[in-house]
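Novice: here is a sequence together with a model predicted from it:
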Amino acid sequence: MFSFCTDPDTLGTFQWFACYLTTGKHMGFYVSFGTVLLLLAITAPTALAFGFGGAMAARSRIVPLSWFGKAYIAIVRGVPDIAFFLFFVIALDQGFEWLRHQTLCPDWPDAIRQGNDFVVCSAAKLPLSNAPQWVHEAYGFMIAVLTFAIVFGAFAANVLYGAMRAVPRGQLETAEAYGMTRRQIFRRILVPQMWVYALPGLSNLWMVLIKATPLLFLLGVEDIVYWARELGGTANARFTDYPHGDWRVWYFLALLVFYLAFTRVSEVVLDRLMARLTHGQATTGGEAQRRADA
């Protein structure tokens, strides 16, 4: 990046690090922090949507739908996360390609399943072989977001289902006495009230989601853990211009600081959100606020 980086052997210590930390590989490392933040920004509301849908299905009066919602919550919560992360990447990718194959290649004569191989026509491949590199990376990122959303959506569904059941029945009965319909009660009474009970569990789930972002490495996304391992390891042919020893401890120390700082900011924001939601509510938090004001 700098003009004096042409001959690394002639650089002083400060200049050497200035050149080393501004290489293209390090730019990929810096961009990967944005990748993690983007994943969280997209996955959190998506997982919450999955969770809300799962909770609604679990409390439905339609028996098959209720079974589906409860099964979704129980199965995903009962299986190790890493198993689902590895499963959904393959299942979602093959599922999308199968749907495209059925639509684009209806006259395909061969079987799609050929032993351990999954073979579809070239037009059904995702992404297409001639697609730019950014399309491949965006597709992998999309699969990662869906995987995170499905897994953490089940945990969110369990939290929201419990929060809905925690809303005092008396409030719902009062709304019924005033002639409100079931839809009005749900939209105006149940949903606004449930967030007070759901936020502690959702806060914990947000922290777990932050800690789970290194699993992006398992999903084929070049995240901060991938770059820390690659850049911090003993220099190889990729870094012959700037050779160094095993510096992984320093790179992973930087990740430690990043995650600690990010979780601390999250705690502050969530505490303020909880204080706002519990203000004036008949909850432990609301009672504590009333005593403090008194």
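Specialist: Okay, I see it.
Novice: going forward, measure contacts and count neighbours with C-alpha atoms only.
Specialist: Will do.
Novice: looking at the protein, which helix or strand does the model trust least?
Specialist: Least confident helix or strand of the chain, by mean pLDDT, DSSP states H and E, is helix 284-293 with a mean of 49.
Novice: where does T174 sit: helix, strand or coil?
Specialist: Put simply, T174 is helix when judged by DSSP: H, G, I helix; E, B strand; the rest coil.
Novice: give me the neighbour count for it.
Specialist: Per other C-alpha atoms under 10 Å, the neighbour tally for T174 reads 12.
Novice: ditto for H26
Specialist: Using other C-alpha under 10 Å, H26 has 15 neighbouring residues.
Novice: ok, it to I224 distance?
Specialist: Note on H26: its distance to I224, by C-alpha to C-alpha, to the nearest Å, is 11 Å.
Novice: could you do R61 as well?
Specialist: Remark: distance between R61 and I224 (C-alpha to C-alpha) = 45 Å.
Novice: of those two, which one has the most company?
Specialist: I224 (25 against 10).
Novice: which SSE is the closest residue to the more buried one other than its chain neighbours in?
Specialist: Ranked by C-alpha to C-alpha, 6 or more residues apart in numbering and with sequence neighbours excluded, the top spatial neighbour of I224 is S32, at 5.3 Å. Per DSSP states H and E: S32 is located in helix 24-58.
Novice: just the buried positions in that helix, please.
Specialist: 25, 29-30, 32-33, 35-36, 39-40, 43-44, 46-58 (16 or more other C-alpha atoms under 10 Å).
Novice: nearest spatial neighbour of F33, skipping sequence neighbours?
Specialist: Nearest to F33 is I224, by C-alpha to C-alpha, 6+ apart, at 6.1 Å.
Novice: could you measure from the one you found over to Y20?
Specialist: 17 Å.
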